[in-house]
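> sharing a model that was predicted from the sequence below.
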Amino acid sequence: MVTKTQPADALAEIVAAGATDIGENYVREAREKFAAVPLGYTKHFIGHVQTNKAKAIAETFDVVQSVDRIEAGEALAKAAAAAGKRLSVLVQLNISPAERFGVRPEDAPALARALRSLDSLSVDGVMAIGPLGAPPAEISRAFELAAAVFAAIGGTTLSLGMSGDWREAVRAGSTMVRLGSVLFGPRPAARV
């Protein structure tokens, strides 16, 4: 479940209902919510990894789904080692022409190998964002590409699909979908 921009009481409610994996995009927002609802779920970072925030990400989250370059992985590994933990990560693929982040599918196996050489990281699979607003056939092709890369990289987690394209993701073999607005309704207006 993705609780980005939702209040802490929404997080508490979804955890009480049995959610075991919670995704957040922003470190500061996540820290506030996780402090209010501290136990009972695995914390996933699904936003872009900025190396200057690696320490806060590694300290706050259990899984980082958005590692798309070795510099981000190295910064997370260093921060995880300093925190005395082993951090699970997913390689973020770029399978959408509109997406700004993610490694090219053909470069993903090499990135996964490099990340696996870092002692405090555990590469557990792949995450990708489908082409937003594209026809279902195009989304399906993109997700099938991600599934093929996942097969080459290995792991247990293929994180594909969001509220608008989860059906195509499940058909492609996704083991984790990132649902937010389909559960909570439209996101609240941004805080100013």
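Cool, got the structure.
> burial count for Leu183?
15 (other CB atoms under 10 Å). Any C-beta I mention is one placed from the backbone N, CA and C, and that applies to glycine too.
> and for it, nearest residue in space, chain neighbours not counted?
Here the nearest residue to Leu183 in space, its sequence neighbours aside, is Met1; by CB to CB, 6 or more residues apart in numbering that works out to 6.2 Å.
> one more: Gly102?
Asn94 (3.1 Å).
> just Ser159 next, same as before
Distance criterion CB to CB, 6+ apart; nearest residue to Ser159, sequence neighbours excluded, is Met127 at 4.0 Å.
> for Gly23, see how far away the one you found is.
Remark: distance between Met127 and Gly23 (CB to CB, to the nearest Å) = 10 Å.
> these two: who's more crowded?
Met127 (27 against 24).
> surely that one meets Asn94?
No - shown here, Met127 and Asn94 do not form a contact pair, counting by CB atoms under 8 Å, at 10.8 Å.
> now the strands: where do they sit in the chain?
Assigned by DSSP state E, the strands in the chain fall at 21-24, 42-45, 63-67, 87-93, 121-128, 157-162, 176-178.
> ok, back up a step: overlap in contacts of Met127 and Gly23?
Common contacts of Met127 and Gly23 (CB atoms under 8 Å, 6 or more residues apart in numbering): 46, 65.
> my guess is Tyr26 contacts Gln6. True?
No - at 11.8 Å, Tyr26 does not count as touching Gln6 under the criterion of CB under 8 Å.
> with that, I have no additional questions.
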